[in-house]
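*Asks:* A predicted structure for the sequence below; I have some questions about it.
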Amino acid sequence: MVRGKIQIKKIENTTSRQVTFSKRRKGLFKKAHELSVLCDSQVAAIIFSQKGRLYDFASSDIQKTINRYAEYKREYFVAESHPIEQYVQGLKNDMVTMVEKIEMLEVHNRKLMGQNLASCSVKELQEIATQIEKSLHIVRSRKAKLYEDEIEKLKAKERELKDERVRLSGRVGEIPMGTPSSSKEKEDVETDLVIGYPKSRP
């Protein structure tokens, strides 16, 4: 006869629960004993009943097995936590180094601004002066380059205007206008051309 599949949930009936506990406990210890014999392994099992009664099985001295387990767990957790501790300590060291660098930069910047110079030696003051001179040279060089670029742009614009003026003058010379009989007529014709329409003649 095939046994039906038992649903794994708490047994509500107290008597049935106690009977099942007793049977399952004995079965578990039997399997633990077989495992230790067949595989030559160190096996221990500890069970507390609902009422708090202790049941245990050990293939050897149970206290030695418990001590071995505790030692293994301690080494395991230390090994697992050690990389994390190293990483956190590394972050702390990097943070301290970064704070020190920022403080040094702030002190140096204040000295370049002419502040807190009372504690500086002659050598330090000379180094600060040299650095300021180098910075001024770089600023002046950049300023001069910008001026040169602006001048070149203005010269290019001037050349464009001159070329446009020459081109317009050539177009004026190409327009047929006849031969003026006097300087007055020539001036009138040129004036008409500048305005954009020929002046009617009597």
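*Replies:* Structure received.
*Asks:* remind me, longest helix of this protein?
*Replies:* helix 122-174 (DSSP state H).
*Asks:* so where's the protein uncertain?
*Replies:* For the chain, the stretches flagged by pLDDT under 70 are 1-4, 75-84, 172-202.
*Asks:* mind redoing it with 80?
*Replies:* For the chain, the stretches with pLDDT under 80 are 1-7, 73-88, 112, 116, 119, 170-202.
*Asks:* all strands for it, in order.
*Replies:* 44-48, 54-58 (DSSP state E).
*Asks:* strands paired with the first one, and their directions?
*Replies:* In its sheet, strand 44-48 lies beside strand 54-58 (antiparallel), with partners assigned from DSSP bridges.
*Asks:* now the strand it pairs with: buried residues?
*Replies:* 57, 58 (16 or more other Cβ atoms under 10 Å). Every C-beta, even on glycine, is put in place using the N, C-alpha and C of the backbone.
*Asks:* tell me how far residue 160 lies from residue 27.
*Replies:* The gap separating residue 160 from residue 27 is 104 Å, by Cβ to Cβ, to the nearest Å.
*Asks:* what does residue 34 give?
*Replies:* Shown here: residue 34 relative to residue 27, a distance of 11 Å by Cβ to Cβ.
*Asks:* for residue 146, same thing?
*Replies:* Residue 146 is 93 Å from residue 27, where distance means Cβ to Cβ.
*Asks:* and residue 74, what does it touch?
*Replies:* Going by Cβ atoms under 8 Å, 6 or more residues apart in numbering, residue 74 touches no other residue.
*Asks:* okay, domains of the chain per the record?
*Replies:* Domain ranges of the chain: 14-60, 125-171, per the TED database.
*Asks:* now do the contacts for residue 43.
*Replies:* Residue 43 sits next to 32, 33, 35, 36, 57, 58, 59 when contact means Cβ under 8 Å, 6+ apart.
*Asks:* residues near the residue lying closest to residue 131 once chain neighbours are set aside, how many?
*Replies:* Of all residues not flanking residue 131 in the chain, residue 112 sits nearest, at 7.0 Å (Cβ to Cβ, 6 or more residues apart in numbering). By the measure other Cβ atoms under 10 Å, the count of residues near residue 112 is 12.
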